[in-house]
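Enquirer: Here's a sequence, model it:
(2 chains)
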2 protein chains.
Amino acid sequence: MDDRIHEHAETLVDWSARIESGDDVVLAVDDGAHDLAVATARVLGERDANLISLYQSGEISRAYLQGHGGEFDRDPEYQLELYENADSVLYLGGGRNTAATADVPGDRQNAYSRARQAIREARMDTDWVSTVHPTRSLAQQAGMSHPAYEEFVYDAVLRDWEELAEEMDTLKEILDDGSEARIVGEDTDLTMSIEGRTAVNSAASVAYDSHNLPSGEVFTAPASPEGYVTFDVPMTVRGKRVRDIRLEFEDGVVVDYNASMNEAVIGEILDTDDGAKRLGELGIGMNRGIDRPTDSILFDEKMAETIHLAVGRAYDACLPDGEEGNESAVHVDLITNMDDGSRLLVDGEVIQRDGRFRWEDGFQS
Amino acid sequence: MDDRIHEHAETLVDWSARIESGDDVVLAVDDGAHDLAVATARVLGERDANLISLYQSGEISRAYLQGHGGEFDRDPEYQLELYENADSVLYLGGGRNTAATADVPGDRQNAYSRARQAIREARMDTDWVSTVHPTRSLAQQAGMSHPAYEEFVYDAVLRDWEELAEEMDTLKEILDDGSEARIVGEDTDLTMSIEGRTAVNSAASVAYDSHNLPSGEVFTAPASPEGYVTFDVPMTVRGKRVRDIRLEFEDGVVVDYNASMNEAVIGEILDTDDGAKRLGELGIGMNRGIDRPTDSILFDEKMAETIHLAVGRAYDACLPDGEEGNESAVHVDLITNMDDGSRLLVDGEVIQRDGRFRWEDGFQS
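Expert: Purely as a prediction, here's the structure:
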């Protein structure tokens, strides 16, 4: 077996999930993630953890949901107990077809989700971690050959996470202490309040309350944006390719928008509810293993030398006690490159220029 | 998808497991049984059952057991609760390598088994059913091409089970009412007491307390065998190919044995304990979909026109109240063809001759 798969498993078990002897682990295996599951089982064995493996196949979900009449039992006890008694749930993503459930009617999927709220909450209450095995299907989605995609994923996953967590902590402190963040670049000049906010150091470990591997971003919940911003990293939103989205804010609300491709999708999103026209997140990508967009938000938003803003819902963890953050049914991340001479400023001081942070070699103040 | 896979799933869910709306089902999927799992999920959906899928991969088990230090936690609660709260466990066998766990040390495997006794009992307390998907790996074990093996498996599984259950009931009644069974054939003349015994109609359904699909045998627990019997269906016992095993009984105990190949294996088995020299089972294969041995006891012992006897442990279900059956650490089935002019007699009356039962066309009394 490829050594990198074994290293991936060790990173997942030790750095991300912090598994210890006797931990009760649920391993949820996508139907293309077999090799990573085998490697992870080995490491879980070595840590003397307990193990049960679930088969998370999109094709099985599709068949079950299409067959079902639609009135789902609420949180079946036998499944609820499994998660309520588990310490960790490790999701090994990576199916054989990212569109495997494309023909399941949305209302069927929603009814199933609604019936499983307590199960979902029980899972979220564990030390869960979500990662992906680089399958051919995901390589295809990224528009990459399989070997090139494998290299891409392992570059993103097999970081020196301890070192990166320290670096991200430097940025977190700057944001936590700051009052105002500003992004300046080509057709971008946006100012946001970050007063009283707490940034999250998303270091791909439950010890940092960060549940994705890879991760590598620092994010906070900004308020009162003023100005305009252009998102030049192309992405797929609601199944449509969008490019060069430009948002203009006044008094914290989007007052104008346009895009060079599929502009209507952006309009739909902004029209969802009041909160959809406000910002929910300012995130700064810091994973230098991710060097290109692959049309997967799990990777794209962590890409070094990019910043993302989300319209919609804010994360509670970033908000001052007692403050209700931006509420919305949506949370859509949009990404802009910073390696094109753009600057990130906090309280007027340049923190990042042209993709380099001020503590990095090559930073020009 | 092959229609036969869908019919297999329907047989499993409806005939074998008797799944009803709201049942809590655990689907345990071997790593080569994906297609049958998809078909089964569809039918479980159609029955409005609840579903969780486990991934039963031999390669994952091997990796976990090899990694583990060997001191396993006893019956981890989160797994125990899953089974204790489940109505049915459906095992979809069919891996990609029947030797996947061949290099796991036996004591590691035994320690793991011992630590999971309550989990095993909880599983056995459900309406569990075990079946197999015809994988290439199983075809190889059977010495057959994949398409030929698929045909073989579906012939065995897709029976008119209701009709077969009725036919088997006829034989069960004869055995239940009888006092003495006798098998006569070439180099075979064995008499056994079946007085007071209750035969099991193993009709591949939990409704018949029969948990394998396919099944198709009627079996009881004989006593006091006298005479000699030759088993001419070749099989693999403890990894060794054995042929033409001949056992001679006096006062209910094996007093002599020989075989034309790997005779020593038979000696080892008979030497296990006192019960290993006595009979635990008389079984009569009645599944006409199984027309050849494939070196898999799940199929071979159900083969029409064969009878099997097991040395070792007897099944409690066959015994009169208060009687302790034959106890042994082993239960080894040995099979003999009946289509070579052999006869099965109950209380002196010929029940089967040359593979035909007395209620079948072609039976010659």
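Enquirer: Where does the prediction get shaky in the stretch 51-200 of chain A?
Expert: Low-confidence segments of the stretch 51-200 of chain A (pLDDT under 70): none present.
Enquirer: Kindly report the residues of it close to chain B.
Expert: Contacts of the stretch 51-200 of chain A with chain B, taken as Cβ under 8 Å from any Cβ of the partner chain, map to A:51-57, A:59-61, A:63-69, A:71-73, A:76-79, A:81-86. For glycine as for every other residue, the C-beta is placed from the backbone atoms N, C-alpha and C.
Enquirer: Show me what residue of the stretch 51-200 of chain A gets nearest to chain B.
Expert: Minimum separation of the stretch 51-200 of chain A from chain B (Cβ to the nearest Cβ) falls at A:G67, amounting to 2.7 Å.
Enquirer: The residue lying closest to that residue once chain neighbours are set aside - how many residues pack around it?
Expert: In space, and not counting its chain neighbours, A:G67 is closest to B:G45: 2.7 Å by Cβ to Cβ, 6 or more residues apart in numbering or on different chains. For B:G45, the neighbour count with other Cβ atoms under 10 Å in any protein chain shown is 22.
Enquirer: For B:G45, what is the enclosing helix or strand?
Expert: Take DSSP states H and E as the rule and B:G45 turns out to sit in helix B:34-46.
Enquirer: which outside residues touch that helix?
Expert: Residues from elsewhere that reach helix B:34-46 (Cβ atoms under 8 Å, 6 or more residues apart in numbering or on different chains): A:31, A:55, A:57, A:59-61, A:63-69, B:1-2, B:5-6, B:8-10, B:12-14, B:19, B:25, B:27, B:29, B:51, B:53, B:90, B:92, B:94, B:131, B:133.
Enquirer: can you tell me the average pLDDT over it?
Expert: Regarding helix B:34-46, the rounded mean pLDDT is 98.
Enquirer: quick check, distance from that helix to the centre of its chain.
Expert: From the chain centre to the centre of helix B:34-46 is a distance of 24 Å (Cα atoms, centre = their mean, to the nearest Å).
Enquirer: same question, stretch A:208-224
Expert: For stretch A:208-224, the distance to the chain centre is 8 Å (Cα atoms, centre = their mean).
Enquirer: who touches the residue lying farthest from the centre of chain A in this structure?
Expert: Taking Cα atoms, centre = their mean, the residue of chain A most remote from its mean C-alpha position is A:G69, at 33.1 Å. Counting by Cβ under 8 Å, 6+ apart, A:G69 touches B:E46, B:D48.
Enquirer: I'd like the distance between A:R47 and chain B.
Expert: The gap separating A:R47 from chain B is 8 Å, by Cβ to the nearest Cβ, to the nearest Å.
Enquirer: and the residue of the stretch 201-350 of chain A found nearest chain B, backbone torsions?
Expert: Of all residues in the stretch 201-350 of chain A, A:V206 sits closest to chain B, with a separation of 17.7 Å (Cβ to the nearest Cβ). Dihedral angles of A:V206 (phi, psi; degrees, to the nearest 10) stand at phi -60, psi -20.
Enquirer: again, but for A:V29
Expert: phi -110, psi 120.
Enquirer: for it, what are its contacts?
Expert: A:A37, A:S53, A:L54, A:Y55, A:Q56, A:L92, B:Y55.
Enquirer: between the residues you listed, which is closest to A:E360?
Expert: A:L92 (33.3 Å; Cβ to Cβ).
Enquirer: Which strand or helix spans that closest one?
Expert: Here A:L92 is assigned to strand A:88-93, by DSSP H and E.
Enquirer: cool, and A:G280?
Expert: Using DSSP H and E, A:G280 falls in strand A:279-285.
Enquirer: Just the CA trace of that strand, in PDB.
Expert: The C-alpha trace of strand A:279-285 is given here as PDB (Å, rounded to 0.1, in the frame of the first residue of the first chain):
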ATOM      1  CA  LEU A 279     -21.700  38.500   5.500                       C
ATOM      2  CA  GLY A 280     -21.300  35.400   7.700                       C
ATOM      3  CA  GLU A 281     -17.600  34.700   7.400                       C
ATOM      4  CA  LEU A 282     -14.300  36.100   6.600                       C
ATOM      5  CA  GLY A 283     -11.800  33.200   6.100                       C
ATOM      6  CA  ILE A 284      -8.100  33.300   5.300                       C
ATOM      7  CA  GLY A 285      -6.700  30.200   3.500                       C
END
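Enquirer: Tell me the strands beside it, with direction?
Expert: Applying DSSP bridges to the sheet, strand A:279-285 is found paired with strand A:217-220 (antiparallel), strand A:306-312 (antiparallel).
Enquirer: Turn the ones you listed into a markdown table, including mean neighbour count and mean pLDDT.
Expert: Listed next are those as a markdown table, based on neighbours: other Cβ atoms under 10 Å in any protein chain shown; pLDDT from 0 to 100:
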| stretch | mean neighbour count | mean pLDDT |
| --- | --- | --- |
| strand A:217-220 | 26 | 97 |
| strand A:306-312 | 25 | 97 |
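Enquirer: could those strands go into TSV alongside distance to B:P320?
Expert: Listed next are those as TSV, based on distance: least, Cβ to Cβ, whole Å:
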stretch	distance to B:P320
strand A:217-220	72
strand A:306-312	72
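Enquirer: is A:L51 in a bridge, and if so with what?
Expert: Beta-bridge pairing of A:L51 under DSSP bridges involves A:V25.
Enquirer: Is it in contact with B:A63, as I believe?
Expert: No - at 9.9 Å, A:L51 does not count as touching B:A63 under the criterion of Cβ atoms under 8 Å.
Enquirer: more crowded one of those two?
Expert: The neighbour comparison of A:L51 against B:A63 (other Cβ under 10 Å) goes to B:A63, with 27 against 23.
Enquirer: if I pick that one, what's in contact with it?
Expert: So B:A63 contacts A:V38, A:A39, A:A41, A:R42, A:G45 (Cβ under 8 Å, 6+ apart).
Enquirer: try 6 Å
Expert: Going by Cβ atoms under 6 Å, 6 or more residues apart in numbering or on different chains, B:A63 touches A:V38, A:A41, A:R42.
Enquirer: mind listing the helices for the stretch 251-365 of chain A?
Expert: Along the stretch 251-365 of chain A, counting by DSSP state H, counting those that start in this stretch, helices occupy A:263-270, A:297-300.
Enquirer: can you list contacts of stretch A:223-237?
Expert: Contacts for stretch A:223-237 (Cβ under 6 Å, 6+ apart): A:187-193, A:243, A:245-249, A:252, A:265, A:279, A:293, A:295, A:334-337.
Enquirer: right, I mislabeled it, should have said stretch A:181-197
Expert: A:175, A:178-180, A:220-227, A:229-230, A:318, A:320, A:342-346.
Enquirer: Report how many residues lie close to the residue of the stretch 51-200 of chain A closest to chain B.
Expert: That count, for A:G67 with other Cβ under 10 Å as the rule, works out to 18.
Enquirer: now swap in A:G348 and tell me
Expert: A:G348 has 9 neighbours, counted by other Cβ under 10 Å.
Enquirer: swap in A:D274?
Expert: 10.
Enquirer: Show me the domain layout of chain A.
Expert: Domain assignment for chain A by automatic domain parsing gives A:3-157, A:161-357.
Enquirer: How far does the longest one sit from its chain's centre?
Expert: Computed by Cα atoms, centre = their mean, the chain-centroid distance of domain A:161-357 equals 11 Å.
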